[in-house]
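Engineer: have a look at this prediction, sequence included:
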Amino acid sequence: MSDKKYILLIEDEPLLGNLMKQRLEKEGFEVNLKRDGQEGLSALRERKPDVMLLDIILPKISGFELMEMVRADPQIENTPIIIMSNLGQDTDIQKGTSLGATEYYVKAKVSIDDLVDKVKEFVYTH
């Protein structure tokens, strides 16, 4: 068991997912990248991350559905969730927040560098 902070990254867009994984690993995180909500939920139940980075539009189980499942499961309900999505409408952001997202970032409005910095800041202050 390493003492690296563990991040579960659920992102179906291959380029962004791989880029985020590489950048976070370069910062010293252990990153588990999953491509759909079903895989993400399985990984989450196997090992609780220090933070979960979650896209909303995903195959099989959407990010919102996954969050509802997480919040309903006492084993993983306290998992910190940071959303990174192309859904930038106020209603989407409100839904994400109401489901317990710690942060909500719209992909088009935030750079990968900023996202990595936000994750580092979150993980090391919580």
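Structural biologist: Thanks, I have the structure now.
Engineer: so for the helix or strand containing residue 15, mean pLDDT?
Structural biologist: Element membership for residue 15, per DSSP states H and E: helix 14-26. Mean pLDDT, helix 14-26: 97.
Engineer: packing partners for it?
Structural biologist: For helix 14-26, the elements it packs on are strand 6-10, strand 30-34, helix 112-125, judged by 3 or more CB pairs under 8 Å, 6 or more residues apart in numbering; DSSP states H and E. (C-beta placed from N, C-alpha, C; glycine too.)
Engineer: out of these, the one nearest residue 62 is which?
Structural biologist: The closest of the helices and strands packed on helix 14-26 to residue 62 is strand 6-10. By CB to CB, the value is 10.5 Å.
Engineer: run through who's touching the closest one.
Structural biologist: For strand 6-10, the surrounding residues in contact (CB atoms under 8 Å, 6 or more residues apart in numbering) are 17, 20-21, 24, 29-37, 39-40, 43-44, 47, 49-55, 58, 63, 66, 119, 123.
Engineer: now that we have these, which of them are buried?
Structural biologist: Buried by 16 or more other CB atoms under 10 Å: 17, 20-21, 24, 29-37, 39-40, 43-44, 49-55, 58, 63, 66, 119, 123, out of the contacts of strand 6-10.
Engineer: and for residue 75, the neighbour number?
Structural biologist: 10 (other CB atoms under 10 Å).
Engineer: do the same with the one 4 residues further on
Structural biologist: Residues near residue 79, counting by other CB under 10 Å, number 20.
Engineer: sorry, back to before: among the helices and strands packed on helix 14-26, which one carries the weakest average confidence?
Structural biologist: With a mean of 93, helix 112-125 has the lowest mean pLDDT of the helices and strands packed on helix 14-26.
Engineer: check which helices and strands that helix sits against.
Structural biologist: helix 14-26, strand 51-54, strand 81-85, strand 103-106.
Engineer: between it and strand 6-10, how many degrees?
Structural biologist: Helix 112-125 runs at 140 degrees relative to strand 6-10, counting by axes from the mean of the first three to the mean of the last three CA atoms, to 10 degrees.
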